[in-house]
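Peer 1: Could you work out the structure for the sequence below:
(one chain, ligands or ions: 1)
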Amino acid sequence: MVDTLADFLVELTGNGVGIDNLHLDTFSLDTLEDTPLKSVKGYLPLDDSLEEMRIRVEQFLAQTGPSFPGYVYAPPVVTVIRNEDWANNWKVHFKPVRIGQRLVIKPTWEEYRKQEGDLVIQIDPGMAFGTGAHPTTKMCLEALERISFGTSDGKLPGPVLDVGTGSGVLSIAAALLGAEEIVAVDIDPEAVRVTIENLELNGVADRVAASTTSLEQLPGGFQVVVANILAEELVRLAAELTARVAPGGWLILSGILTEKEEFVCAAFTSLELVENPKELEWSCLSFRKPL
Ligand SMILES: C[S@@+](CC[C@H](N)C(=O)[O-])C[C@H]1O[C@@H](n2cnc3c(N)ncnc32)[C@H](O)[C@@H]1O
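Peer 2: Numbering: from 1, shown residues only. Model prediction:
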């Protein structure tokens with residue numbers, strides 16, 4: 001009945017519909033479950049036609065509902081949605097944020113007074129993922145900074161590979177932390193476009209090559225490989241990721257729900273697990289490849 005009602009609303013309104021019929025608190029499509037109650041939302045214009053359309057929805061439910069087993073009538077609820085700037089409203093919540101000891105992520109439209117030693121990353125994520133504030137990104141940034149603190153010259157060793165670069169935030173951080181050569185890849189061409197803009201904004205475009213090149217086409221020998229994707233995808237890419245790390249190099253994996261940590265570790269047994277920070281429901285795993 002959800003589909004039948006959705007089709008009816010599309011025809012009635014000429015607009016899209018919203019269907020809530022699955023629990024979406026998981027990233028794994030395998031574990032999606034049906035909700036016991038389904039809801040279908042249509043979008044009606046707020047004008048004189050509203051009452052007539054509401055009556056037509058009532059009539060449709062009365063005529064069609066009883067032919068579906070288990071159907072229970074629930075009166076349609078009408079709420080008014082204010083017209084907001086949906087594309088830009090999230091920007092209000094994106095403020096400059098300090099991560100680790102030296103990194104500061106600053107949205108392009110916010111002011112920030114730089115303090116001594118600050119490495120400021122300017123970001124306009126556009127439609128790509130990566131404001132830097134998400135725990136999965138933050139843990140990668142902190143891990144990159146820790147690696148740089150452990151080297152003799154205080155610089156992040158390169159070359160660095162950033163798999164699933166999103167807004168390019170990790171590649172920019174790697175460049176500011178001193179890595180000379182960085183390769184950023186993403187399967188989404190829009191993310192690569194946004195990354196290139198952000199690289200230029202931060203003056204590091206000469207050190208980072210961003211593209212949609214697939215992992216298999218890249219050479220090995222990266223001193224640091226960082227991938228903030230999702231547990232299932234990291235496991236699927238395990239052999240390719242491992243092969244890109246130079247002996248003695250680091251592999252930082254993020255985007256892992258803590259409950260999936262063991263599932264991911266089991267796919268990277270040829271590497272040594274050296275760090276395992278957690279934040280909220282997320283885990284980050286840092287490995288080193290034996291020399
Ligand atoms: C969670 S975002 C991470 C963005 C950024 N690196 C960060 O840490 O904030 C994951 C990104 O990985 C990309 N992605 C997903 N699967 C991928 C794959 N197999 N290879 C390359 N990129 C992938 C997505 O398009 C998305 O931009």
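
Peer 1: Can you get me a residue count around E200?
Peer 2: Other residues within reach of E200 by the criterion other C-beta atoms under 10 Å amount to 11. Bear in mind the C-beta positions are built from the backbone N, C-alpha and C, glycine included.

Peer 1: The one 10 residues further on too?
Peer 2: Burial of A210, expressed as a neighbour count using other C-beta under 10 Å, amounts to 24.

Peer 1: Where do the helices of this structure begin and end?
Peer 2: Using DSSP state H, the helices found in the chain span residues 2-13, 50-64, 135-149, 169-176, 189-201, 231-236, 238-244, 261-265.

Peer 1: Deepest in the core, which of the ones you listed is it.
Peer 2: Among these, the stretch with the highest mean neighbour count (mean count of other C-beta atoms under 10 Å) is helix 169-176, at a mean of 30.

Peer 1: Would you convert the helices of the chain into a markdown table that also reports mean pLDDT and distance to L119?
Peer 2: What follows is those, written out as a markdown table (pLDDT from 0 to 100; distance: least, C-beta to C-beta, whole Å):
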| stretch | mean pLDDT | distance to L119 |
| --- | --- | --- |
| helix 2-13 | 93 | 49 |
| helix 50-64 | 94 | 54 |
| helix 135-149 | 97 | 9 |
| helix 169-176 | 97 | 4 |
| helix 189-201 | 94 | 14 |
| helix 231-236 | 93 | 27 |
| helix 238-244 | 98 | 25 |
| helix 261-265 | 96 | 29 |
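
Peer 1: Where do the domain boundaries of the protein fall?
Peer 2: Domain segmentation of the chain under automatic domain parsing yields 2-67, 89-288.

Peer 1: The first one and the ligand in contact?
Peer 2: No - using C-beta under 6 Å from any ligand atom, domain 2-67 stays clear of the ligand, with a minimum separation of 10.1 Å.

Peer 1: That domain: end-to-end distance?
Peer 2: Length of domain 2-67, first residue to last, C-alpha to C-alpha, to the nearest Å: 13 Å.

Peer 1: possible to save the domains of the chain as TSV with distance to P75?
Peer 2: Output for the domains of the chain, formatted as TSV (distance: least, C-beta to C-beta, whole Å):
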stretch	distance to P75
domain 2-67	8
domain 89-288	31
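
Peer 1: Of the ones you listed, which is nearest Y73?
Peer 2: Comparing the domains of the chain against Y73 with C-beta to C-beta, the closest turns out to be domain 2-67 (6.2 Å).

Peer 1: So which residues on the stretch 151-291 of the chain come close to the ligand?
Peer 2: 163-166, 169-170, 185-188, 191, 228-229, 233, 237, 255.

Peer 1: change it to 5 Å
Peer 2: Proximity of the stretch 151-291 of the chain to the ligand is confined to 164, 166, 170, 186-188, 191, 228-229, 233 under the rule C-beta under 5 Å from any ligand atom.

Peer 1: next one: stretch 107-118 to chain centre, how far?
Peer 2: 24 Å (C-alpha atoms, centre = their mean, to the nearest Å).

Peer 1: List the buried residues in that stretch.
Peer 2: By 16 or more other C-beta atoms under 10 Å, the buried positions in stretch 107-118 come out as 107, 112, 118.

Peer 1: Quick check: the first one touching V97?
Peer 2: No - contact between P107 and V97 fails when scored by C-beta atoms under 8 Å: they sit 9.3 Å apart.

Peer 1: Now tabulate the helices of the chain in TSV and tack on distance to L280.
Peer 2: Output for those, formatted as TSV (distance: least, C-beta to C-beta, whole Å):
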stretch	distance to L280
helix 2-13	32
helix 50-64	40
helix 135-149	5
helix 169-176	19
helix 189-201	24
helix 231-236	15
helix 238-244	24
helix 261-265	14
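
Peer 1: Thank you kindly, that will do.
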